[in-house]
Structure formats: C-alpha cells, structure tokens
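**Q** Generate coordinates for the sequence data below:
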Amino acid sequence: MQKEIIIAGFGGQGVLFSGQVVAYAAMDAGKEVTWIPSYGPEMRGGTANCTVVIADDEIGSPLVKNPPLGIALNLPSFDKYEDMLQKGGTLVVNKSMVDRGPKRDDIRVILVPCNEIAEEIGDRKLTNMVAVGALLSALPEITLKDVEKALAAHLPERHRNLLPKNYEALKRGFEAAQKVPA
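**A** From the prediction side, this is the model:
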C-alpha cells in the first residue's frame, strides 16, 4: 500500500500542520512516511501546500504528481489540484471558500463547510482539522484515534488546551464527509 496526499490552501490556514499531523499519525501507526512542505515567500496569505506519502514499505520517492487523495482549503487550490488528482481519487474541498462544484466527474469531491463547522466549535483555526477529519473518511489506513494520538503526542505544550476542540473538529469533519454521497 502507498497513498499520496496533497493538502493545499493559503498561508495561515494550517495547511502544513495538517500534513504534519497526518504524517505523524501514520508514522506512529508504524507506516513509512514522507512530508514535504511548500509555501510562497509571503507565508501568511500566500499559497501553501504540502505532500504526504504513506506506505507499508520503504518509499522510493517523496515526489507526488497525481495523488489519489487531496484537500483544497480555498478556491485557487481547488482550481489547481482538481486537475492533478488521480482518476478515481478523492478531493476534500472547503465549501466555505469555494463557490463552484467539480469540473471532473471521474473523481469524488467531498464538499464540507469547514469554516462554518470550525466556527460552530468555537475556533475558526480548526478549519484544517475539520478537513483532515473529512479526509480520513477516504483514508482507512489511518483512524480518527490515530490522529488524536498524534495530536496529543506532537501538539506544542502551549496548545494542549485545544486538544478537545481539535478532536471534535476531526470527528465533525469525518461525519460531514460520510454524509456526502459516494
């Protein structure tokens, strides 16, 4: 098994942290993992993306060209990565920041109102964890429990008080994705 994932949005949305959490969850579950961040020079507000590769065996190359899985947290990311996704793949899209449906009919697009769900929980910064929860609905190799353990193990001490809200965001994203028809 080898799964490649692209996570994209703009700086400040927690794109890179999302990828790190998925990578840590897979690594802590005994998988082989690579994580590569990429962001524009302006950081906050500029483009940001990262790739995660999860495998049972040694990973030959961390480069990702046509991933089967992705998250697009804003419209420019959806515009760019929808075309890159592998036929039959799944793309989680933050419906809160995207005003169109998919152009392709050979991939599954899971539209989730990530910003609204995060605001209902009480912190807009949880948008990324809502999206990660939704992604887990298409990534059975990693469970919600795996990601919760990774957050508990790797979240900086100053943010530990946010663990319960992060767990809720993951769960709500997962549940929202499961309501989207396949």
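**Q** residue nearest the centroid of the chain?
**A** Val132 (4.0 Å; CA atoms, centre = their mean).
**Q** isn't there a strand covering it?
**A** No - according to DSSP: H, G, I helix; E, B strand; the rest coil, Val132 belongs to no strand; its state is helix.
**Q** Pull the contacting residues for it.
**A** Ser18, Val21, Val22, Ile71, Val147, Leu170, Gly173 (CB atoms under 8 Å, 6 or more residues apart in numbering). Quick note: C-beta positions are derived from backbone N, CA and C, even for glycine.
**Q** For Ser77, give its distance to Ile107.
**A** 15 Å (CB to CB, to the nearest Å).
**Q** Next: Leu163.
**A** Counting by CB to CB - Leu163 and Ile107 are separated by 33 Å.
**Q** Neighbour count: those two, which is higher?
**A** Ile107 (18 against 13; other CB atoms under 10 Å).
**Q** The more buried one touches Lys87, doesn't it?
**A** Yes - counting by CB atoms under 8 Å, Ile107 touches Lys87, with 6.9 Å between them.
**Q** And the helices in this structure?
**A** 15-28, 75-84, 114-121, 127-136, 144-154, 163-178 (DSSP state H).
**Q** Which one of those helices lies nearest to Ala55?
**A** helix 15-28 (8.8 Å; CB to CB).
**Q** what packs against the closest one?
**A** In this structure, helix 15-28 makes packing contacts with strand 2-10, strand 32-39, strand 47-55, helix 127-136, helix 144-154, judged by 3 or more CB pairs under 8 Å, 6 or more residues apart in numbering; DSSP states H and E.
**Q** Show me how far that helix is from its chain's centre.
**A** Between the centre of helix 15-28 and the centre of its chain there are 9 Å (CA atoms, centre = their mean, to the nearest Å).
**Q** Please list the residues outside it that contact it.
**A** Contacts for helix 15-28 (CB under 8 Å, 6+ apart): 5, 7-9, 33-35, 37, 39, 48-52, 54, 71, 73, 128-129, 131-132, 135, 141-142, 146-147, 149-151, 153-154.
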